[in-house]
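Asker: No letters, just coordinates:
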């Protein structure tokens, strides 16, 4: 199983178009620091077979940037694009609209996410005049998984957090999930959790058994959003466990046997600056920060 980190930023990317914070200003001055919306490409043992985890507004740029995701020689069009969704947030789903040129789009999602996208955003109405759209269930971990590109995929429930456009929808703990990706040939497992609201017992169990864990790195500390005036809520209150602090994820991840990598970085997170001292704190704990274009072989 091969993993490509297509993008590693939280909503708005880095830089965010309407922001002049140090992270955004630094990315404008140093283009190598730019980050696009988080997304992952997963390639199985057949190099022509792959799927995406989340599809943000940068998704077609992501596909064009990697030769292995482009149409094959002699192929007029990419025949099918498969997308697994970890939630229904706009930053993870707007790219579905940009995939309309595909002949066929398959979307793997939990029931509340499917309902929100089909009823609140009317994706069927918008996309079916352009492409064949197929919705498939993303089963919970522990049950028979779906198989995509030879990889067994399932969902680890994480949170009842709903996107703002569906704030009045029924609560369900599969609104936000971690994608569990298991390669039955190599026996390796990856966990992709770009939005982690709580360190649940179920998540801890899955993380302990994984070989690679991608974790929510939105904010460095819990007070970051309030201190910088971007929200009246704390990091935890916004549905993102912070990296550092007594309730942060760094200490927990450092105890895992897996390779642990932070993704989904907000533009205010000091980790977007490669020279920030916070990187040293993570290195001491054996933890990493994902970069756009990173390749991981499992």
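Answerer: Everything's here; your move. This one's a predicted model, so the numbers in the text were calculated from it and none came from an experiment. Numbers count the residues shown, from 1 in each chain.

Asker: tell me the SS of the closest residue to residue 240 other than its chain neighbours?
Answerer: Counting by CB to CB, 6 or more residues apart in numbering, residue 218 is the residue found nearest to residue 240 once chain neighbours are left out, at 4.0 Å. To be clear about C-beta, it is placed using only N, CA and C from the backbone, and glycine gets the same treatment. State at residue 218, reduced to three classes by DSSP: H, G, I helix; E, B strand; the rest coil: coil.

Asker: State the number of residues packed around residue 218.
Answerer: Here the count is done by other CB atoms under 10 Å, and residue 218 has 27 residues near it.

Asker: now the helices for this structure?
Answerer: Defined through DSSP state H, the helices belonging to the chain, from first to last, are 22-29, 59-65, 90-93, 95-98, 111-115, 123-127, 201-208, 224-227, 250-254, 278-284.

Asker: And for the second one, what's in contact with it?
Answerer: Think helix 59-65. For helix 59-65, the external contacting residues (CB atoms under 8 Å, 6 or more residues apart in numbering) are 6-7, 36, 39, 41, 52, 69-70, 78, 95, 98-99, 293.

Asker: Same check on the first one?
Answerer: Contact with helix 22-29 is made by 14, 15, 16, 33, 34, 35, 267, 268, 269, 270, 272, 273, as judged by CB under 8 Å, 6+ apart.

Asker: Backbone dihedrals for the residue nearest to residue 240, both of them.
Answerer: Note on residue 218: backbone dihedrals following degrees, to the nearest 10 are phi -50, psi -50.

Asker: Make 7 the starting number, not 1.
Answerer: Noted, 7 is the first residue going forward, which turns the last one into residue 224.

Asker: Which residues are in contact with it?
Answerer: 16, 201, 241, 244, 246, 270, 271, 272, 275.

Asker: could you redo the last one with a cut-off of 6 Å?
Answerer: Contacts for residue 224 (CB atoms under 6 Å, 6 or more residues apart in numbering) come out as 16, 246, 270, 272.

Asker: Pull the number of nearby residues for the nearest residue to residue 146 once chain neighbours are set aside.
Answerer: Using CB to CB, 6+ apart and skipping the chain neighbours, the partner closest in space to residue 146 is residue 161 (5.4 Å). Neighbours of residue 161 under the rule other CB under 10 Å: 26.

Asker: Go ahead and confirm residue 161 touches residue 184.
Answerer: No: here residue 161 lies out of contact with residue 184, judged by CB atoms under 6 Å, at a distance of 7.2 Å.

Asker: Could I get the pLDDT score of residue 82?
Answerer: Residue 82 carries a pLDDT value of 64.

Asker: follow-up on the earlier one: could I get the helices of the chain as a markdown table with distance to residue 148 and mean pLDDT?
Answerer: Formatted as a markdown table, the entries for the helices of the chain read as follows, by distance: least, CB to CB, whole Å; pLDDT from 0 to 100:
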| stretch | distance to residue 148 | mean pLDDT |
| --- | --- | --- |
| helix 28-35 | 39 | 98 |
| helix 65-71 | 30 | 95 |
| helix 96-99 | 24 | 98 |
| helix 101-104 | 28 | 97 |
| helix 117-121 | 16 | 98 |
| helix 129-133 | 28 | 97 |
| helix 207-214 | 9 | 97 |
| helix 230-233 | 34 | 96 |
| helix 256-260 | 21 | 98 |
| helix 284-290 | 31 | 98 |
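
Asker: circling back to that earlier point, for the residue nearest to residue 146, which residues make a bridge with it?
Answerer: Residue 161 has the following beta-bridge partners by DSSP bridges: residue 146, residue 185.

Asker: Could you pull up the contacting residues of it?
Answerer: Contacts were defined as CB under 6 Å, 6+ apart; by that measure residue 161 touches 116, 144, 146, 183.

Asker: The first one contacts residue 144, doesn't it?
Answerer: Pointing back at residue 116 there. Yes: using CB under 6 Å, residue 116 is in contact with residue 144, at 5.3 Å.

Asker: about what we covered before: please identify the most buried of the helices of the chain.
Answerer: Using mean count of other CB atoms under 10 Å, the stretch among the helices of the chain with the largest mean neighbour count is helix 96-99, at a mean of 24.
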